[in-house]
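K.L.:
What follows is a predicted protein model with its sequence.
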Amino acid sequence: MGSQAPSLSMREFLRQSGGVAVVDGGLATELERHGADLNDPLWSAKCLLTSSHLIRQVHLDYLEAGADVIITASYQATIQGFEAKGYSTEDSESLLKKSVAIAREARDVYYGKCCEGSCNGSEGRILNRRPIIVAASVGSYGAYLADGSEYSGDYGEAMTLGALKEFHRRRVQVLTEAGPDLLAFETIPNKLEAQAFAELLVEEDIKLPSWFCFNSKDGINVVSGDSFLECASIAESCKKVVAVGINCTPPRYIHGLITTITKVATKPIVIYPNSGESYDADRKEWVQNTGVSDEDFVSYVNKWCEAGASLVGGCCRTTPNTIRAIYNTLPNRSTSPPK
């Protein structure tokens, strides 16, 4: 799909991944576990300024756990957000590109380790290395606001379709230029932003494949209250989108939402739920007593795949251990576990 990975269609990528590809897990919460202080409007993107080595390490941790897709640290990285911190437009764009460069470098390092020794059963045979996708994250407008509104989808009546397209336009252009394999539009909270992304991809004639992932807090609608079915239909109808799905949603809602997607979508379904914990936007922390264990999380995985999911990973509060457990529970992957 990109210059450093085999140029594959999504369906060929899935075929080479054994039918189900593994997406990585939570980035920000894993960065915090490594000691990063993310108490900042930039959240995980703060590490692009202060500790890019931690981002690279987390990417590597997920690759070694079995992830076939690693998602860049650009979810909350926006030109507007960096400019608010005093950075020039040029520097802000460079930081966006840096997020992709770090992920690509992590992939190269991982492949280098495969050359040196055994890597997912390859015995160092670099020609047989598994394809790995670098997905450039495009977070919602709510993520930029840093007020938790990506969990409500409430942008106010003043926010229009045109304004959303202009907010995201240059960011999408820059991330595309940085050379990822895919654009991952994540945590889309409402129908308006889904439409903005779909129109923007067409207007800019973006050549990279994309996926759209929505979030839900009731298993029926996206978090704004808009119909999940209608949102999935927008993704399905956009020719630039190669997969549609769900992220940052409690595991208990995923099966029903996959069923909803299959009513309108023929494209591969990608799901990467959070741990089931609730996010308190006022206190800016996760409420732990609502979550599930890795064992419980992974117990859902094959049921999700049977329902139609073909890319599976984790979002907030999931870890490399979660991703390793997902890899090992998939019948098509568990015969050659990651090191």
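P.N.:
Received, thanks. Keep in mind that this is a model prediction, so the values were computed, not measured.

K.L.:
which one is Ala325 nearest to, not counting chain neighbours?
P.N.:
In this structure, Ala325 finds its nearest non-sequential neighbour in Val298, 4.4 Å apart by C-beta to C-beta, 6 or more residues apart in numbering. Backbone N, C-alpha and C define where each C-beta goes, glycine included.

K.L.:
quick one: secondary structure of that neighbour?
P.N.:
helix (DSSP: H, G, I helix; E, B strand; the rest coil).

K.L.:
ok, it - how many residues close by?
P.N.:
23 (other C-beta atoms under 10 Å).

K.L.:
what's the spacing between it and Tyr62?
P.N.:
To Tyr62, Val298 is 15 Å away according to C-beta to C-beta, to the nearest Å.

K.L.:
and what of Cys238?
P.N.:
Taking C-beta to C-beta, one finds Cys238 at 28 Å from Tyr62.

K.L.:
Looking at the two, which is more packed in?
P.N.:
The neighbour comparison of Cys238 against Tyr62 (other C-beta under 10 Å) goes to Tyr62, with 32 against 20.

K.L.:
what sits against the more buried one?
P.N.:
By C-beta atoms under 8 Å, 6 or more residues apart in numbering, the residues touching Tyr62 are Asp24, Gly25, Ile70, Pro320, Ile323.

K.L.:
Kindly report the same for Val244.
P.N.:
Contacts of Val244 (C-beta under 8 Å, 6+ apart): Trp211, Phe212, Cys213, Ala232, Ala235, Glu236, Ile261, Ala265, Lys267, Pro268, Ile269, Val270.

K.L.:
List the beta-bridge partners for it.
P.N.:
Phe212, Ile269 (DSSP bridges).

K.L.:
ditto for Val22
P.N.:
Val312.

K.L.:
residues near it, how many?
P.N.:
Val22 has 27 nearby residues by other C-beta under 10 Å.

K.L.:
Would you map the helices across this protein?
P.N.:
10-16, 28-33, 47-50, 52-65, 79-84, 89-116, 141-145, 161-177, 191-203, 228-237, 254-262, 294-299, 301-307, 320-329 (DSSP state H).

K.L.:
can you count the residues close to Glu166?
P.N.:
Glu166: 12 neighbours (other C-beta under 10 Å).

K.L.:
which residues does the spatially most central residue of the chain contact?
P.N.:
For the chain, the residue nearest the mean C-alpha position is Ile71 (5.1 Å; C-alpha atoms, centre = their mean). Ile71 is in contact with Val23, Asp24, Leu27, Ala103, Ala135, Ala136, Ser137, Ala184, Glu186, counting by C-beta under 8 Å, 6+ apart.

K.L.:
Just the buried ones from those, in ChimeraX syntax?
P.N.:
To isolate the buried ones among these in ChimeraX, judged by 16 or more other C-beta atoms under 10 Å, type:
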select :23,24,27,103,135,136,137,184,186
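
K.L.:
before we move on, back to that, can you lay out the helices of the chain as CSV showing mean pLDDT and distance to Tyr155?
P.N.:
What follows is the helices of the chain, written out as CSV (pLDDT from 0 to 100; distance: least, C-beta to C-beta, whole Å):
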stretch, mean pLDDT, distance to Tyr155
helix 10-16, 95, 30
helix 28-33, 90, 22
helix 47-50, 91, 25
helix 52-65, 96, 28
helix 79-84, 94, 14
helix 89-116, 93, 22
helix 141-145, 93, 6
helix 161-177, 98, 8
helix 191-203, 98, 8
helix 228-237, 98, 15
helix 254-262, 97, 22
helix 294-299, 88, 31
helix 301-307, 96, 30
helix 320-329, 95, 31
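
K.L.:
can you list these in TSV and add distance to Tyr151?
P.N.:
Listed next are these as TSV, based on distance: least, C-beta to C-beta, whole Å:
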stretch	distance to Tyr151
helix 10-16	28
helix 28-33	14
helix 47-50	22
helix 52-65	23
helix 79-84	18
helix 89-116	22
helix 141-145	7
helix 161-177	17
helix 191-203	13
helix 228-237	15
helix 254-262	16
helix 294-299	20
helix 301-307	22
helix 320-329	21
